[in-house]
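Enquirer: Next one to model:
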Amino acid sequence: MSDLDNPPLDPDARWPEGLSIRARTPADAPAIAALHNLPGYRYGTLRTPHHTPEEIRKGIENTSSNSFSLVAELDGRIVGDCGLTRFANHRRAHAGSIGMGVHDAYQGRGIGSAMIGEVLAVADRWLNLKRVELTVYTDNEPALALYRKFGFEVEGHLKTFGFRDGQFVDAYTMARIKT
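Expert: Modelled structure (predicted):
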């Protein structure tokens, strides 16, 4: 599938040549498991090592109706994934949370920008979310720059937020408020 078959939801968005972003399917489980098990990908997330395709497939099949799970595909290879979850609580129905990651060998090519742009288009153009939030490790400078580019601001500093590769690491909570 080409980007012409599945164009960005935002008509002003520009994706890298040949990139396609689409919904995850159970058939993607082996490629997503391989992506999640990459050391660089895993280092920027809360994921632990050694995920299996079966675990990923079950997660895809049991995705909540409040969630949108996308993959970025380039040259027939899944090179990133991104998810948006709208909060189900009535008092937080105006808000959602995102998480994402890009293949170690494909970082810095605009794939992260394309994916976050697409999930924000879902949030803005289809769900009317006022607030989109995320958590990011304080030492993940590329991700911080990406999120700031899309209007996210740091709202809080979480000390010893996660345990990664033998040590505790801090994270920021960030949010983008649609005005």
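Enquirer: tell me what the helix ranked longest in the chain is packed against?
Expert: In the chain, assigned by DSSP state H, the helix with the most residues is helix 111-125. Helix 111-125 sits against strand 19-23, strand 67-74, strand 77-86, strand 95-102, helix 141-149, with contacts defined as 3 or more C-beta pairs under 8 Å, 6 or more residues apart in numbering; DSSP states H and E. Placement of C-beta: from N, CA and C, glycine included.
Enquirer: What's the mean pLDDT across the fourth one?
Expert: It stands for strand 95-102. Regarding strand 95-102, the rounded mean pLDDT is 96.
Enquirer: got it, and the last one?
Expert: Predicted confidence along helix 141-149 averages 96 (mean pLDDT).
Enquirer: again, but for the first one
Expert: Predicted confidence along strand 19-23 averages 95 (mean pLDDT).
Enquirer: Just want the angle from it to strand 67-74.
Expert: Angle, strand 19-23 to strand 67-74, by axes from the mean of the first three to the mean of the last three C-alpha atoms, to 10 degrees: 150 degrees.
Enquirer: From what I see, residue 140 and residue 40 are in contact.
Expert: No - using C-beta atoms under 8 Å as the test, residue 140 is too far from residue 40 to be in contact (10.6 Å).
Enquirer: Look at the two and report which has more neighbours.
Expert: Set residue 140 next to residue 40 and count neighbours by other C-beta atoms under 10 Å: residue 140 wins out with 17 against 12.
Enquirer: Including distance to residue 177, could the helices and strands packed on helix 111-125 go into JSON lines?
Expert: Converted to JSON lines, those look like this (distance: least, C-beta to C-beta, whole Å):
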{"stretch": "strand 19-23", "distance to residue 177": "24"}
{"stretch": "strand 67-74", "distance to residue 177": "20"}
{"stretch": "strand 77-86", "distance to residue 177": "16"}
{"stretch": "strand 95-102", "distance to residue 177": "10"}
{"stretch": "helix 141-149", "distance to residue 177": "13"}
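Enquirer: so of those, which one's packed in deepest?
Expert: Stretch with highest mean neighbour count among the helices and strands packed on helix 111-125: strand 95-102 (a mean of 22; mean count of other C-beta atoms under 10 Å).
Enquirer: Run the angle between it and strand 67-74 for me.
Expert: Using the same axes, to 10 degrees: strand 95-102 against strand 67-74 is 20 degrees.
Enquirer: strand partners of strand 95-102, parallel vs antiparallel please.
Expert: Using DSSP bridges, the strands paired with strand 95-102 in its sheet are strand 77-86 (antiparallel), strand 131-137 (parallel).
Enquirer: Can you pull out the low-pLDDT segments for the protein?
Expert: 1-5 (pLDDT under 70).
Enquirer: again, only this time at 50
Expert: 1-3 (pLDDT under 50).
Enquirer: Return the alpha-carbon coordinates of stretch 50-69 using PDB.
Expert: What follows is stretch 50-69, C-alpha atoms only, in PDB (Å, rounded to 0.1, in the frame of the first residue of the first chain):
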ATOM      1  CA  HIS A  50      11.500 -10.500  24.800                       C
ATOM      2  CA  HIS A  51       8.000  -9.900  23.700                       C
ATOM      3  CA  THR A  52       6.500 -12.600  21.600                       C
ATOM      4  CA  PRO A  53       4.300 -12.300  18.500                       C
ATOM      5  CA  GLU A  54       1.600 -14.200  20.500                       C
ATOM      6  CA  GLU A  55       1.600 -11.500  23.200                       C
ATOM      7  CA  ILE A  56       1.400  -8.700  20.600                       C
ATOM      8  CA  ARG A  57      -1.400 -10.500  18.600                       C
ATOM      9  CA  LYS A  58      -3.500 -11.000  21.800                       C
ATOM     10  CA  GLY A  59      -3.000  -7.300  22.600                       C
ATOM     11  CA  ILE A  60      -4.200  -6.300  19.100                       C
ATOM     12  CA  GLU A  61      -7.200  -8.600  19.300                       C
ATOM     13  CA  ASN A  62      -8.200  -7.200  22.700                       C
ATOM     14  CA  THR A  63      -7.800  -3.500  21.900                       C
ATOM     15  CA  SER A  64     -10.400  -1.300  23.500                       C
ATOM     16  CA  SER A  65     -12.900   0.500  21.300                       C
ATOM     17  CA  ASN A  66     -11.400   3.700  22.900                       C
ATOM     18  CA  SER A  67      -8.000   3.000  21.300                       C
ATOM     19  CA  PHE A  68      -6.500   3.700  17.900                       C
ATOM     20  CA  SER A  69      -3.400   1.600  17.200                       C
END
